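>>> requesting a structural model of the entry that follows:
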Amino acid sequence: MKLALKVDVDTYRGTLEGVPRLVDVLRRNRAGATFLFSLGPDHTGRAIKRAFRPGFMKKVSRTSVVAHYGLKTLMYGTLLPGPDIGKRCADMLRGVHDDGFETGIHCWDHVKWQDNVEHADAAWTGEQMQLAADRYAEVFGTPAKVHGAAGWQMNAQAMRLTQRLGFSHASDTRGTHPFMPVQNGEIVLCPQLPTTLPTLDELIGIDGTTEDNVHEKLLALTARPPAHGSHVYTLHAELEGMKLLPVFERLLTAWREQGYELVALRDLAATLDLPSLPRHEVLRGEIPGRSGTLMLQGPEFLA
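Here you go, the predicted model:
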């Protein structure tokens with residue numbers, strides 16, 4: 001059984017502080033992982049616009065956003081200029097790759113992508129993805145092979161670009177097992193490795209779940225072998241890499257005890273037989289514990 005660890009790095013602080021801590025913990029636990037980086041400006045403060053989204057303020061109150069992200073981060077892009085993550089942290093990003101971890105693209109501007117891509121046109125979408133692809137190639141000296149969208153937010157053009165930009169695999173969706181995505185009847189030849197497990201911020205504060213027992217909720221979901229042989233767990237440099245690092249360490253130990261091999265997305269992708277991979281529609285829908293809609297693995301496409 002494989003459990004792939006996907007690390008979303010959203011912010012400048014998460015890159016500087018959370019990523020090195022996660023690298024250390026993963027190396028000590030002999031675990032693989034995929035780090036997906038935000039490569040442009042950190043404009044986290046502009047997420048204040050989400051206050052008007054149904055359910056957003058309730059989620060904020062559950063997960064202590066200030067405690068996890070820090071007050072300074074919450075002012076980037078408004079009261080403070082947003083630092084350019086890819087420029088300021090290039091050496092650190094390369095160091096993650098040099099330590100043997102898979103690296104890839106999360107986005108260019110996290111807030112801009114997450115809040116606008118659903119209704120964006122092809123030109124805007126292409127520009128944002130190209131900015132991230134160009135910066136990745138500038139930092140690492142080679143094109144990115146994996147993409148994992150900020151907030152699991154995509155549109156039809158973004159799905160097409162996962163193929164056209166040459167990604168060998170992507171993790172832009174939530175679902176149950178690897179699949180070849182179909183958007184509006186169009187097959188995109190870039191396999192999706194969807195996140196199969198809930199994130200910590202989706203669980204904490206629901207049904208008596210706290211930071212002290214949230215790992216138990218996740219371990220109950222992984223106790224039995226997954227029907228399709230693998231799981232993908234998405235963690236965040238700003239959460240598991242900082243205040244919730246002890247929770248993550250408990251998960252790593254327990255997942256090994258449950259019999260899982262902890263791997264990067266590329267290790268999971270390497271096991272796929274692409275010609276026989278099922279094709280599934282990609283649909284927009286809701287996930288418990290998360291505000292708004294995101295991209296979900298839909299029904300199998302049989303046409």
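>>> any regions of this protein where pLDDT drops low?
Along the chain, the model assigns pLDDT under 70 to residues 47-72, 75-77, 79.
>>> all the strands of it, residue numbers only.
2-9, 34-38, 102-107, 146-147, 169-170, 180-183, 186-187, 230-236, 261-263, 279-285, 294-300 (DSSP state E).
>>> packing partners of the longest one?
It refers to strand 2-9. helix 19-28, strand 34-38, strand 230-236, strand 261-263, helix 265-269 (3 or more C-beta pairs under 8 Å, 6 or more residues apart in numbering; DSSP states H and E). Placement of C-beta: from N, CA and C, glycine included.
>>> related to what we said a few turns ago, format the strands of the chain as a markdown table; extra columns: mean neighbour count.
Putting the strands of the chain into a markdown table (neighbours: other C-beta atoms under 10 Å) gives the following:
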| stretch | mean neighbour count |
| --- | --- |
| strand 2-9 | 26 |
| strand 34-38 | 28 |
| strand 102-107 | 25 |
| strand 146-147 | 26 |
| strand 169-170 | 26 |
| strand 180-183 | 22 |
| strand 186-187 | 11 |
| strand 230-236 | 24 |
| strand 261-263 | 19 |
| strand 279-285 | 16 |
| strand 294-300 | 18 |
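>>> let me have these in a markdown table, adding distance to M242 as columns.
What follows is those, written out as a markdown table (distance: least, C-beta to C-beta, whole Å):
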| stretch | distance to M242 |
| --- | --- |
| strand 2-9 | 12 |
| strand 34-38 | 15 |
| strand 102-107 | 17 |
| strand 146-147 | 24 |
| strand 169-170 | 26 |
| strand 180-183 | 32 |
| strand 186-187 | 40 |
| strand 230-236 | 9 |
| strand 261-263 | 20 |
| strand 279-285 | 30 |
| strand 294-300 | 24 |
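>>> on that earlier part again, as a markdown table, the helices and strands packed on strand 2-9 with distance to F179 would be great.
Shown next, in a markdown table, are these (distance: least, C-beta to C-beta, whole Å):
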| stretch | distance to F179 |
| --- | --- |
| helix 19-28 | 27 |
| strand 34-38 | 18 |
| strand 230-236 | 12 |
| strand 261-263 | 19 |
| helix 265-269 | 12 |
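>>> quick one: which of the ones you listed is nearest P83?
With C-beta to C-beta, the closest approach to P83 among the helices and strands packed on strand 2-9 belongs to strand 34-38: 10.9 Å.
>>> give me the contacts around that closest one.
By C-beta atoms under 8 Å, 6 or more residues apart in numbering, the residues outside strand 34-38 that reach it are 4-11, 15, 19, 22, 85-86, 93, 96, 101-110, 136, 146-148, 150, 171, 264-266.
>>> neighbours around K243, how many?
15 (other C-beta atoms under 10 Å).
>>> do you know how far it is from I204?
Distance of K243 to I204, given as C-beta to C-beta, to the nearest Å: 11 Å.
>>> do the same with T253
Taken as C-beta to C-beta, the span from T253 to I204 is 20 Å.
>>> of the two, who's got more company?
Between T253 and I204, counting by other C-beta under 10 Å, I204 is the more crowded of the two (22 against 12).
>>> out of the strands of the chain, the one nearest A156 is which?
strand 180-183 (4.9 Å).
>>> name the helices or strands packed onto the closest one?
Looks like strand 180-183 contacts helix 156-164, strand 279-285 (3+ C-beta pairs under 8 Å, 6+ apart).
>>> neighbouring contacts of the shortest one?
Read that as strand 279-285. Strand 279-285 is touched from outside by 118, 154, 159, 173, 175, 179-183, 187, 192, 293-301, with contacts defined as C-beta under 8 Å, 6+ apart.
>>> now do 10 Å
118, 152-156, 159, 172-185, 187-188, 192, 194, 292-303 (C-beta atoms under 10 Å, 6 or more residues apart in numbering).
>>> one more: the first one?
Contacts to helix 156-164, defined as C-beta under 10 Å, 6+ apart, come from residues 105, 113, 117-118, 120-126, 128-130, 133, 146-147, 149, 154-155, 167-170, 172-173, 181-184, 186-192, 282, 295.
>>> please enumerate the helices of the stretch 51-200 of the chain.
Counting by DSSP state H, counting those that start in this stretch, the stretch 51-200 of the chain has helices at residues 56-63, 65-69, 85-88, 90-98, 110-116, 122-140, 156-164, 200-203.
>>> using PDB, list the CA coordinates for the last one.
The one in question is helix 200-203. The C-alpha trace of helix 200-203 is given here as PDB (Å, rounded to 0.1, in the frame of the first residue of the first chain):
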ATOM      1  CA  LEU A 200      -6.500  18.800   9.000                       C
ATOM      2  CA  ASP A 201      -8.200  22.200   8.600                       C
ATOM      3  CA  GLU A 202     -11.300  20.400   7.200                       C
ATOM      4  CA  LEU A 203     -11.500  18.200  10.400                       C
END
